[in-house]
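Undergrad: need a structure here:
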Amino acid sequence: MPSVILNWDASPDTNIAGYTLYYGTNSGSYEQVVSAGLVTQTTVAGLTPGTTYFFAATASDSTGLESDYSNEIAFT
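TA: Numbers count the residues shown, from 1 in each chain. Next up, the predicted model:
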């Protein structure tokens, strides 16, 4: 099963408690969630060959407030 390594820029906010990666097979509709902790890179494994996946990340602060989605990227 294919995998992809995704990296993103850290939030400039100094109160970030973690990042979450969302992905799915429809643009803007994310069925899967990966908690990345405080790192700005994660590997998503178990992808179906030939399928296009769409990814977006968010940042959350220590109060649980989550940012809007990042710009979406696609991977096939």
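Undergrad: Just give the closest residue to the most centrally placed residue in the chain, not the sequence neighbours.
TA: Residue closest to the average C-alpha location in the chain (Cα atoms, centre = their mean): Leu21, at 2.0 Å. Counting by Cβ to Cβ, 6 or more residues apart in numbering, Leu21 lies nearest to Val34, which is 4.4 Å off, once chain neighbours are set aside. For glycine as for every other residue, the C-beta is placed from the backbone atoms N, C-alpha and C.
Undergrad: contacting residues for the one you found?
TA: Counting by Cβ atoms under 8 Å, 6 or more residues apart in numbering, Val34 touches Thr20, Leu21, Tyr22, Tyr23, Thr42, Val44.
Undergrad: still on that earlier bit, name the helices or strands packed onto the strand or helix carrying the residue nearest to the centre of the chain?
TA: Assigned by DSSP states H and E, Leu21 falls within strand 16-24. Identification of packing neighbours for strand 16-24 by 3 or more Cβ pairs under 8 Å, 6 or more residues apart in numbering; DSSP states H and E yields strand 32-37, strand 41-44, strand 53-61.
Undergrad: about what we covered before: who's the residue nearest to the centre of the chain bridged to?
TA: Val34, Ala57 (DSSP bridges).
Undergrad: what angle sits between the strand holding Leu21 and strand 32-37?
TA: 160 degrees (axes from the mean of the first three to the mean of the last three Cα atoms, to 10 degrees).
Undergrad: In strand 16-24, which residues are buried?
TA: Of all the residues in strand 16-24, those buried under the rule 16 or more other Cβ atoms under 10 Å are Ile16, Gly18, Tyr19, Thr20, Leu21, Tyr22, Tyr23.
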